[in-house]
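**Student:** sequence first, predicted model second:
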Number of protein chains: 2
Amino acid sequence: MTEQAPNVPPDVLAETERTRHRRLREQGSHSRADLDAVLQAGFLCHLGVVVDGTPMVVPTVYGATAETLYFHGSVASRSLVASPQAPVCVTVTHVDGLVLARSVFEHGVNYRSAMVYGVPRLVTDPEEQLAGLRRLTEHVAPGQWDYARRPSRKELAATALLALELTDASVKIRTGPPDDGDGPDAELGLWAGILPLRQHWGALEPDPALADGIGAPAHLTGREHRPL
Amino acid sequence: MTEQAPNVPPDVLAETERTRHRRLREQGSHSRADLDAVLQAGFLCHLGVVVDGTPMVVPTVYGATAETLYFHGSVASRSLVASPQAPVCVTVTHVDGLVLARSVFEHGVNYRSAMVYGVPRLVTDPEEQLAGLRRLTEHVAPGQWDYARRPSRKELAATALLALELTDASVKIRTGPPDDGDGPDAELGLWAGILPLRQHWGALEPDPALADGIGAPAHLTGREHRPL
């Protein structure tokens, strides 16, 4: 047996009261590889905060390392002002298709979803702020950190970057055909299966204000017409 | 002037402290037509509830009329048990593309998003439960209510249907090119524009358990390879 290196996250996420899977139909996972795969497959999360006792769910972009999820916003934003030092839930969901069963009751969705709980930390160290924004930018728009103009000191001061450790998290994944293929409803003679749903990038749309002769860089043209 | 008919929702959503738009960049809307368009364009929402003082954001499907949003789940589900008689926030988001600006700071996302606040009502009237489940099913999988086996009494008893009135809601929509086309960064000579992101249905995947000779109905084949 080899000893685990320090700072390397364990392969398996600790199970807590919150993240223990209660339902059967979804395939609950506490594998770090599954969590990482769900987070790397997208860039939009839904951030849940409590404001004056009421839940508020805000869509926002994120970037993730193996250990930390970064999200950001204006320092004036209500949801972000509420979130440091307060518990949040960040959920990332990818819909892969409709589950079309023989009965309405067994209809559902094939999906991959991650829920991360915790109290985010406002990043105040300038070096970590820059590194986190770089991670976030490269997660959402790979290649743009080196191509576009980087944030000025004034822009950094206007940006609240929050870091949420990926410790209290869980993953749910549903794949495969409907569940009623071996039940009495299979005798109904109805079609059943999956209608897949996919996301793909379109063709770049240049800013109408763009000066003549400025072509799109290869890191952007290379994404056109590709799956997300 | 004609009198407004009863039960017809006003064209403009009432503005509350929660739904008043505070930010400039997103185009905030309180138009009922915009709300309806965002809700009709998708079928997955993120439901925010407060459980033991902590926010919990759960992906779930929904169906919407002009006045009511329906969502459902197992009567055993933690998030649903928490939500009747307690405030929720339901958020629906469609990402339309990446906003690739000249500066990292101006990068963003083109999107359409609706946030609905309220205290959902557990539907207990059997007729309304059936009508609400029909609306939900037809919203997610049009044609399946009449094709698949409808819920039995036992299945209805196992299903918690919640109704959220569309009164306290707001919409944010960002469209168009980056915002820095007329600023000093336009002199940098960098490409800027939009990378669109689209969703489309794939080809139907029959359940491997399907008996020979059962073809997919036209209401499903008609959705193959079409945009969401």
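**Tutor:** Now that the structure is in, tell me what you want to look at.
**Student:** for stretch A:131-151, list the C-alpha coordinates in PDB.
**Tutor:** Provided in PDB are the C-alpha atoms of stretch A:131-151 (Å, rounded to 0.1, in the frame of the first residue of the first chain):
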ATOM      1  CA  ALA A 131      -5.200  32.600 -10.600                       C
ATOM      2  CA  GLY A 132      -8.900  31.900  -9.800                       C
ATOM      3  CA  LEU A 133     -10.200  34.300 -12.500                       C
ATOM      4  CA  ARG A 134      -7.800  32.700 -15.000                       C
ATOM      5  CA  ARG A 135      -9.100  29.300 -14.100                       C
ATOM      6  CA  LEU A 136     -12.700  30.500 -14.400                       C
ATOM      7  CA  THR A 137     -12.000  32.200 -17.800                       C
ATOM      8  CA  GLU A 138     -10.200  29.200 -19.200                       C
ATOM      9  CA  HIS A 139     -13.000  26.900 -18.000                       C
ATOM     10  CA  VAL A 140     -15.700  28.900 -19.800                       C
ATOM     11  CA  ALA A 141     -13.700  30.200 -22.800                       C
ATOM     12  CA  PRO A 142     -10.400  28.300 -23.200                       C
ATOM     13  CA  GLY A 143      -7.700  30.400 -24.800                       C
ATOM     14  CA  GLN A 144      -9.200  33.700 -24.000                       C
ATOM     15  CA  TRP A 145      -7.100  34.500 -20.900                       C
ATOM     16  CA  ASP A 146      -4.000  34.700 -23.100                       C
ATOM     17  CA  TYR A 147      -5.800  36.400 -26.000                       C
ATOM     18  CA  ALA A 148      -8.000  39.100 -24.500                       C
ATOM     19  CA  ARG A 149      -6.900  42.000 -22.300                       C
ATOM     20  CA  ARG A 150      -6.500  40.800 -18.700                       C
ATOM     21  CA  PRO A 151      -8.200  42.500 -15.800                       C
END
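**Student:** remind me, longest helix of chain A?
**Tutor:** Assignment by DSSP state H gives helix A:126-140 as the longest helix of chain A.
**Student:** what residues of that helix count as buried?
**Tutor:** For helix A:126-140, the neighbour count (16 or more other Cβ atoms under 10 Å in any protein chain shown) marks A:Gln129, A:Leu130, A:Gly132, A:Leu133, A:Arg134, A:Arg135, A:Leu136, A:Thr137, A:His139, A:Val140 as buried. C-betas here are computed from N, CA, C, even on glycine.
**Student:** how about the nearest residue to the last one, chain neighbours excluded?
**Tutor:** If I follow you right, that is A:Val140. Closest residue in space to A:Val140, ignoring its immediate chain neighbours: A:Phe43 at 4.4 Å, by Cβ to Cβ, 6 or more residues apart in numbering or on different chains.
**Student:** again with the third one
**Tutor:** Of all residues not flanking A:Gly132 in the chain, A:Tyr70 sits nearest, at 4.4 Å (Cβ to Cβ, 6+ apart).
**Student:** element containing the one you found, please.
**Tutor:** strand A:68-74 (DSSP states H and E).
**Student:** neighbouring strands - and their directions - for that strand?
**Tutor:** strand A:54-64 (antiparallel), strand A:159-165 (antiparallel) (DSSP bridges).
**Student:** tell me the average confidence for that strand?
**Tutor:** Taken as a whole, strand A:68-74 carries a mean pLDDT of 88.
**Student:** do the same with stretch A:171-188
**Tutor:** 95.
**Student:** CA atoms of stretch A:221-228 as CSV?
**Tutor:** C-alpha atoms of stretch A:221-228 as CSV (Å, rounded to 0.1, in the frame of the first residue of the first chain):
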residue,chain,number,x,y,z
THR,A,221,-12.7,28.7,-34.8
GLY,A,222,-11.7,25.3,-33.5
ARG,A,223,-14.8,25.2,-31.3
GLU,A,224,-17.3,26.0,-34.1
HIS,A,225,-19.9,23.3,-34.7
ARG,A,226,-18.4,21.0,-32.0
PRO,A,227,-20.3,19.4,-29.2
LEU,A,228,-20.2,21.3,-25.8
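**Student:** show me where pLDDT drops low in chain A?
**Tutor:** Chain A contains residues with pLDDT under 70 at A:1-10, A:17-26, A:74-84.
**Student:** what ranges does it have for its strands?
**Tutor:** Per DSSP state E, chain A carries strands over the ranges A:27-29, A:44-51, A:54-64, A:68-74, A:88-100, A:108-118, A:121-122, A:159-165, A:168-174, A:193-201, A:205-206.
**Student:** quick one: residues in contact with the last one.
**Tutor:** With Cβ atoms under 8 Å, 6 or more residues apart in numbering or on different chains as the contact definition, strand A:205-206 has outside contacts at A:Ala216, B:Gly97, B:Pro177, B:Trp191, B:Ala192, B:Gly193, B:Ile194, B:Leu195, B:Pro196.
**Student:** contact partners for the residue sitting nearest the centre point of chain A?
**Tutor:** Centroid-nearest residue in chain A: A:Val92, 3.7 Å away (criterion: Cα atoms, centre = their mean). Residues counted as contacts of A:Val92 (Cβ under 8 Å, 6+ apart) are A:Val38, A:Leu39, A:Gly42, A:Leu44, A:Cys45, A:His46, A:Tyr62, A:Ser113, A:Ala114.
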